[in-house]
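K.L.:
Could you look at this predicted model? Sequence included:
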Amino acid sequence: MIVATWNINGLRARLPYLLRWLTARRPDIVGLQELKITDENFPFDVFEDIGYRVVAHGQKAWNGVAILSRKPMEVTCVGLPGQAAFGARLVSATIDGLSFTTVYVPNGKDLSHADFARKLHWLDTLVEYLGEHLRAQPAAIVCGDFNLCPTAIDSWGGEAFQGRIFHTDEERLRFQRLCGPPCALVDIYRESYPNTQAFSWWDYRGGSFPRGQGLRLDFLLATPGVAAAVSSVTIDREYRKKLEGMTPSDHAPVVAELQKR
């Protein structure tokens with residue numbers, strides 16, 4: 001089974017690019033973020049034509065998440081409970097016995113902005129929700145754009161960026177609670193490559209991608225049993241490049257292959 005997460009930065013703008021990737025990589029389950037489209041305008045039929053079922057939680061112009069699956073899905077949660085005012089940022093489904101959740105964590109803007117405190121509260125709510133949800137889900141993946149760098153190695157600025165947005169102790173503490181008690185999830189990429197500096201997001205400006213100035217913001221987190229079944233995990237950098245005139249997202253997909261459970 002191949003699972004993936006990708007912040008596509010606008011479904012309308014990226015649809016041909018996304019379809020090219022789906023055809024080339026053939027993932028079984030994909031979590032998408034930052035759709036920037038309502039459910040009413042979501043092109044469900046386009047994905048169904050190439051073999052994907054879709055669960056979407058969209059929003060006009062901002063946010064929005066979706067799950068694509070080759071197998072039937074049972075929707076278990078639409079929206080993070082208690083956080084509807086912060087937009088369409090979470091959707092969960094059960095697929096062939098696997099609980100699959102995709103999230104788009106608020107950006108926070110900057111440390112002096114009111115949205116930073118709201119981001120921390122959103123993360124606290126996510127930890128609380130997952131802590132309860134995962135008790136009954138021995139096989140689960142939580143993926144998405146978390147808008148934070150868990151450690152210095154996850155940022156091109158390293159220790160020099162400590163204290164900036166995405167690099168604060170407050171954000172990192174929330175991520176530690178996802179990967180420790182009460183959630184006990186495993187960061188699949190970091191588990192496989194404990195000392196590798198790799199990024200999943202590069203600013204469009206300033207030649208950040210070719211200069212290697214990126215951040216690792218996108219994660220596949222898994223319960224221990226699922227993490228133990230991972231045979232490979234990659235950040236698909238090829239799909240951060242321009243392709244036949246199509247502009248990519250500023251994020252690259254993160255992809256993992258799981259052995260049969």
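P.N.:
That came through fine. Numbers count the residues shown, from 1 in each chain.
K.L.:
what are the ranges of the strands in this protein?
P.N.:
For the chain, the strands defined by DSSP state E occupy 2-7, 29-33, 53-57, 65-69, 74-78, 90-95, 98-104, 140-145, 186-187, 201-202, 214-215, 218-222, 230-235, 254-258.
K.L.:
got those as a markdown table, with mean pLDDT columns?
P.N.:
Shown next, in a markdown table, are the strands of the chain (pLDDT from 0 to 100):
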| stretch | mean pLDDT |
| --- | --- |
| strand 2-7 | 98 |
| strand 29-33 | 98 |
| strand 53-57 | 98 |
| strand 65-69 | 98 |
| strand 74-78 | 98 |
| strand 90-95 | 98 |
| strand 98-104 | 98 |
| strand 140-145 | 98 |
| strand 186-187 | 98 |
| strand 201-202 | 98 |
| strand 214-215 | 98 |
| strand 218-222 | 98 |
| strand 230-235 | 98 |
| strand 254-258 | 98 |
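K.L.:
so which of those strands comes closest to L126?
P.N.:
Closest to L126 of these, according to Cβ to Cβ: strand 98-104, at 6.6 Å. Using the backbone N, CA and C atoms, a C-beta is placed for each residue, glycine as well.
K.L.:
quick one: strands adjacent to the closest one?
P.N.:
Using DSSP bridges, strand 98-104 pairs in its sheet with strand 90-95 (antiparallel), strand 140-145 (parallel).
K.L.:
Would you tell me which one of these is buried the most?
P.N.:
Highest mean neighbour count of these: strand 140-145, a mean of 26 (counted as mean count of other Cβ atoms under 10 Å).
K.L.:
Dump that one to PDB, restricted to CA.
P.N.:
Extracted in PDB, the C-alpha atoms of strand 140-145 (Å, rounded to 0.1, in the frame of the first residue of the first chain):
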ATOM      1  CA  ALA A 140      -3.800   4.800  12.000                       C
ATOM      2  CA  ILE A 141      -2.000   7.400  10.000                       C
ATOM      3  CA  VAL A 142      -2.300  11.200  10.600                       C
ATOM      4  CA  CYS A 143      -0.800  13.300   7.900                       C
ATOM      5  CA  GLY A 144      -0.700  16.800   6.500                       C
ATOM      6  CA  ASP A 145       1.000  20.200   6.600                       C
END
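K.L.:
hmm, back to that, deepest-packed of the strands of the chain, please.
P.N.:
For the strands of the chain, where neighbours mean mean count of other Cβ under 10 Å, the stretch averaging the most is strand 29-33, with a mean of 28.
K.L.:
For that one, which helices and strands make contact with it?
P.N.:
strand 2-7, helix 11-25, strand 65-69, strand 98-104, strand 140-145 (3 or more Cβ pairs under 8 Å, 6 or more residues apart in numbering; DSSP states H and E).
K.L.:
chain center to it: distance?
P.N.:
7 Å (Cα atoms, centre = their mean, to the nearest Å).
K.L.:
Next: stretch 136-153.
P.N.:
Its chain's C-alpha centre and that of stretch 136-153 lie 8 Å apart, by Cα atoms, centre = their mean.
K.L.:
Do I have it right that L35 meets W62?
P.N.:
No: using Cβ atoms under 8 Å as the test, L35 is too far from W62 to be in contact (9.2 Å).
K.L.:
What residues of stretch 171-189 count as buried?
P.N.:
171-172, 174-175, 177-179, 183, 185-189 (16 or more other Cβ atoms under 10 Å).
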